[in-house]
Each structure stands twice: as C-alpha cells, then as structure tokens.
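K.L.:
curious how this folds, go ahead:
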Amino acid sequence: MARPERPYVQFNFVVDLNDSTMKGEVGSYVGGFQEVSNIGMEVTVTEYRNGNDRDNGVRKITGLNKASDVTLKRGAIGTLQLYRWLDDIRTGNQNAMRLVTITLLSEDHKPVLEWELHNVRITKYVSGPFNAKGNDVAMEEMVLTYEKLIMNVRNE
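P.N.:
Residues are numbered from 1 along each chain as shown. You can find the predicted model right below:
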C-alpha cells in the first residue's frame with residue numbers, strides 16, 4: 001500500500017482496554033474516549049569514562065527505558081467497568097494488569113498505526129468537575145501507567 005502524501009488526522013482513533021465486559025456487539029464499544037494524551041518512551045543514557053582513558057570525552061552507555069503515562073478522557077456514560085478495573089488494581093489482584101491498544105484510524109476509518117501498551121494499570125481516576133450552571137459534558141479521566149510500548153504499522 002502506498003504511503004499517503006499528507007499526515008493522518010488525530011481525531012479518528014480507537015482505545016481497546018482489553019476488557020470483554022466493555023464491548024457491546026461485535027466491533028462496537030460501550031464507550032469511546034474523547035482524548036488520549038501523548039504516548040511515549042524514553043531511553044536514558046549514562047555517561048562513563050575510565051580515569052585512564054586517552055580520550056578526554058565520555059562514553060554514552062544505554063541505560064533503562066521509561067514509558068510515559070497516558071491520560072484518557074471520556075464523557076461519563078454511567079458504567080462501572082473502569083472502577084472495577086481500578087478496584088482490582090487497588091486490592092492487589094495479580095490479573096489486573098492489561099494490554100491496552102490505541103489505534104489511529106485513517107479518514108476512511110481503517111487502522112494505520114497501533115500502539116500496544118503492555119502491563120497497564122490505572123494509577124489515577126477522576127470524575128468531574130460538576131457545575132449546576134454549566135452545560136458541559138460530565139467527564140471521566142484516568143491515567144494509565146505501563147511498562148513497555150510496542151508500535152505497529154497496520155496498513156502494510
């Protein structure tokens with residue numbers, strides 16, 4: 001498949017929390033997310049030099065890698081699946097960590113890029129704010145922490 005001449009837009013995406021209770025009919029989801037924060041990974045570098053090295057420069061040694069937290073936001077839809085997952089994590093359930101997949105879709109809603117977040121757990125959950133004089137949508141927000149990021153191209 002040929003590469004597009006312009007970048008993909010950011011407003012077509014799917015978040016799969018790998019929870020069978022959150023899916024409705026085949027291919028549909030009980031709730032969608034309005035926003036996904038930056039997905040990222042960083043590899044640290046350690047500088048090292050022997051005292052007797054002839055070169056006065058340092059060597060850079062690859063260190064540990066770190067994955068950045070991802071924040072998901074969605075309109076409150078009156079379900080408890082996210083809370084149940086958070087409760088499993090809070091109570092020490094060893095099976096609570098999941099594989100979460102975030103897929104970018106093309107304008108014709110075909111998968112083009114996929115980010116797999118491995119060993120994911122919720123570390124923060126927030127609802128609100130609520131305002132009796134406002135007309136905004138009630139929002140839920142959660143922060144996901146993960147251990148490993150794998151990126152895949154889906155349109156080849």
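K.L.:
what helices or strands is the helix or strand hosting Lys73 leaning on?
P.N.:
Taking DSSP states H and E as the definition, Lys73 sits inside strand 70-75. Using 3 or more C-beta pairs under 8 Å, 6 or more residues apart in numbering; DSSP states H and E, the elements in contact with strand 70-75 are strand 35-36, strand 139-145. The C-beta positions use only the backbone N, C-alpha and C, and glycine is treated the same way.
K.L.:
for these, which one sits closest to Met151?
P.N.:
strand 35-36 (14.2 Å; C-beta to C-beta).
K.L.:
and the helix or strand just after the closest one, average pLDDT?
P.N.:
Per DSSP H and E, the first helix or strand lying C-terminal to strand 35-36 is strand 41-48. Averaging the model's pLDDT scores along strand 41-48 yields 95.
K.L.:
likewise for stretch 147-154?
P.N.:
So the average pLDDT for stretch 147-154 ends up being 93.
K.L.:
can you list the buried residues in it?
P.N.:
Leu149 (16 or more other C-beta atoms under 10 Å).
K.L.:
deepest in the core, which of the helices and strands packed on strand 70-75 is it.
P.N.:
Most buried of these, by mean neighbour count (mean count of other C-beta atoms under 10 Å): strand 139-145, with a mean of 18.
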